[in-house]
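Asks: Here's my sequence, what's the structure:
(one chain, ligands or ions: 1)
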Amino acid sequence: EKIDPSFELDRSKIDLLREIGQGQFGNVHCANYKNDGITALVAVKKTNFEEDSEDLKQKFIEEAQIMCHFNHKHIVQLIGVCTKGWPILIVMEYCALGCIRDYLIQNAEALDIHHLLEYIYQLSSALKYLEEQNFVHRDIAARNLMLTNEHTVKLGDFGFGLSRQVKETDAYYVATTGKLPIKWMAPESINYRKFTSQSDVWMFAVCSWEILSCGVKPFQGVKNNDVILQIENGIRLECPKKCPLSLFKIMKQCWKYQAHLRPTAAQNHEQIGYLLDSFNQEDSA
Ligand code: ATP
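Replies: Modelled structure (predicted):
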């Protein structure tokens, strides 16, 4: 896996403006990118460690390697990289409204179900796309969703070994290290570190639950170690106040214990599309 050389950018065309976030190995800046006389606002992730750590360097570039394969309107677009010289820069589409969680918390009162369903529908389209690419994200959660504007969600964070392409020879990717988002994870991911498109579907429903709960995190007050016990006893997250039963039904399907009984990402996208249509028809009636 290499980054397509056409993604290499001339670093003199990038002016960092201000820091907007901090990640594990890189800080994110808002920046101007000047190209062909046009200046665009972009987000730039910049290494925050010493140049001699080859290991970290490789990990840092991995995120861009993954992102360069994707082109979808609800996935943060990679614009390019500066891998020659130091620091290494990853240049991405800028999500002006930042993380969706903060936005949901601040605007909880004003956001109606129609608006929230739009976000979920957009996320379902990103997951359908990843499923088609045989790509397992493994960290679908509201903390990894950003907004470019009030009506457009982007899935981000393909960083640091969480996301993995499933090779045709592997039945699934087995995770070995790292801190795991237990409260978002499917039971087979918790028990066997098994991650597949079906476990992404489970996580999609948890993430939808967070959106419908306007930024509340799942399983509040439950210890990580107790989550799997609850799931194995048939306990699931409850229907959020704003969530219509028709939508909750789909979410519960996504939380079937047995992965093969869950809908595919493509089926979710279709079903949620029908729901959104019926909402739109009610609105115009
Ligand atoms: P890591 O991937 O290192 O674990 P992280 O998941 O915490 O880090 P990063 O992807 O490094 O997050 O981003 C840190 C913060 O920077 C995000 O929480 C977000 O607020 C901001 N950010 C990241 N990418 C963008 C972007 N494309 N547009 C706008 N803001 C962004």
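
Asks: Next up, phi/psi of residue 260, please.
Replies: Main-chain torsions, residue 260, degrees, to the nearest 10: phi -70, psi -10.

Asks: before we move on, what about the one 10 residues further on?
Replies: In this entry, residue 270 is assigned phi and psi values of phi -60, psi -50 (degrees, to the nearest 10).

Asks: How about residue 180?
Replies: phi -110, psi 140.

Asks: pLDDT score assigned to it?
Replies: In this model, residue 180 is scored at 86, pLDDT.

Asks: Likewise for the one 10 residues further on?
Replies: Per-residue pLDDT puts residue 190 at 96.

Asks: Check the burial of the nearest residue to it once chain neighbours are set aside by counting its neighbours.
Replies: Closest residue to residue 190 apart from its sequence neighbours, by Cβ to Cβ, 6 or more residues apart in numbering: residue 228 at 4.8 Å. Every C-beta, even on glycine, is put in place using the N, C-alpha and C of the backbone. Residues near residue 228, counting by other Cβ atoms under 10 Å, number 15.

Asks: Now do the contacts for residue 253.
Replies: 261-263 (Cβ atoms under 8 Å, 6 or more residues apart in numbering).

Asks: which residue ranges form the helices in the stretch 1-150 of the chain?
Replies: 54-67, 100-106, 113-132 (DSSP state H, counting those that start in this stretch).

Asks: Return the list of helices and strands in contact with the first one.
Replies: Helix 54-67 is packed against strand 38-47, strand 78-82, strand 89-93, with contacts defined by 3 or more Cβ pairs under 8 Å, 6 or more residues apart in numbering; DSSP states H and E.

Asks: Okay, buried residues for it please.
Replies: For helix 54-67, a neighbour-count test (16 or more other Cβ atoms under 10 Å) marks 56-57, 59-67 as buried.

Asks: With the last one instead?
Replies: If you call a residue buried by 16+ other Cβ under 10 Å, then helix 113-132 has these buried ones: 113, 116-131.

Asks: One more: the second one?
Replies: The neighbour-count check on helix 100-106 (16+ other Cβ under 10 Å) flags 100-101, 103-104 as buried.

Asks: restrict these to contacts with the ligand.
Replies: The subset of the buried residues of helix 100-106 within reach of the ligand, by Cβ under 6 Å from any ligand atom, is empty.
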